[in-house]
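[1] please work out how this folds:
(chains A and B)
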2 protein chains.
Amino acid sequence: MSIVEIEYQVTGMTCGHCEMSVREEVEQVPGVTAIDVSATTGRLVVTADQPLDDAAVVAAVDEAGYQAVRVP
Amino acid sequence: MSIVEIEYQVTGMTCGHCEMSVREEVEQVPGVTAIDVSATTGRLVVTADQPLDDAAVVAAVDEAGYQAVRVP
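    The predicted structure follows:
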């Protein structure tokens, strides 16, 4: 089983409630096993146990009301 | 029936989620019939149909995670 870890930069989060909104949406993406998100830095790190659908993560963050850009 | 309207200044709110947290707590204070709250201005206006327990409003805001000071 391979572990995937992908980093995103998220704009628009201001507080812990925002982090929670992002977390709740991103954890629904198939394969996601861990989420690290910070409103302070805007950093979102998604860990998965299968190849991660990048567009699904971006869409999940959008659903929460924020914009995510994958960090190369 | 007399209508009471009391204004508070709330510090710490940053976004709509914060407003919602304050709203959810303050609406549980007996007599409260309307709540106007803005994270942008920090202004909280509570309307009630009976004398309002000031300490209960401040405690409700505190419960939500913020500080309220009654505006004289």
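[2] confirm A:Val61 sits in a helix?
    Yes. Counting by DSSP: H, G, I helix; E, B strand; the rest coil, A:Val61 is found in a helix.
[3] which residues sit in contact with it?
    A:8, A:10, A:22, A:25-26, A:44, A:67-68 (CB atoms under 8 Å, 6 or more residues apart in numbering or on different chains). Placement of C-beta: from N, CA and C, glycine included.
[4] where does pLDDT dip in chain A?
    Along chain A, the model assigns pLDDT under 70 to residues A:1.
[5] again, only this time at 90
    For chain A, the stretches flagged by pLDDT under 90 are A:1-3, A:72.
[6] get me the contact residues on it for chain B.
    For chain A, the residues in contact with chain B (CB under 8 Å from any CB of the partner chain) are A:14-15, A:17-18, A:20-21.
[7] now do whatever helix or strand A:Glu25 lives in: everything it contacts.
    Using DSSP states H and E, A:Glu25 maps to helix A:16-26. With contact meaning CB under 8 Å, 6+ apart, helix A:16-26 is reached by A:10, A:12-13, A:32, A:35, A:37-39, A:44, A:46, A:57, A:60-61, A:63-66, B:15, B:17-18, B:20-21.
[8] relative to A:Glu19, how far out is A:Ser38?
    Applying CB to CB, to the nearest Å, the value for A:Ser38 to A:Glu19 is 7 Å.
[9] also A:Gln67?
    If you go by CB to CB, the gap between A:Gln67 and A:Glu19 works out to 15 Å.
[10] these two: which is more packed in?
    A:Glu19 (21 against 14; other CB atoms under 10 Å in any protein chain shown).
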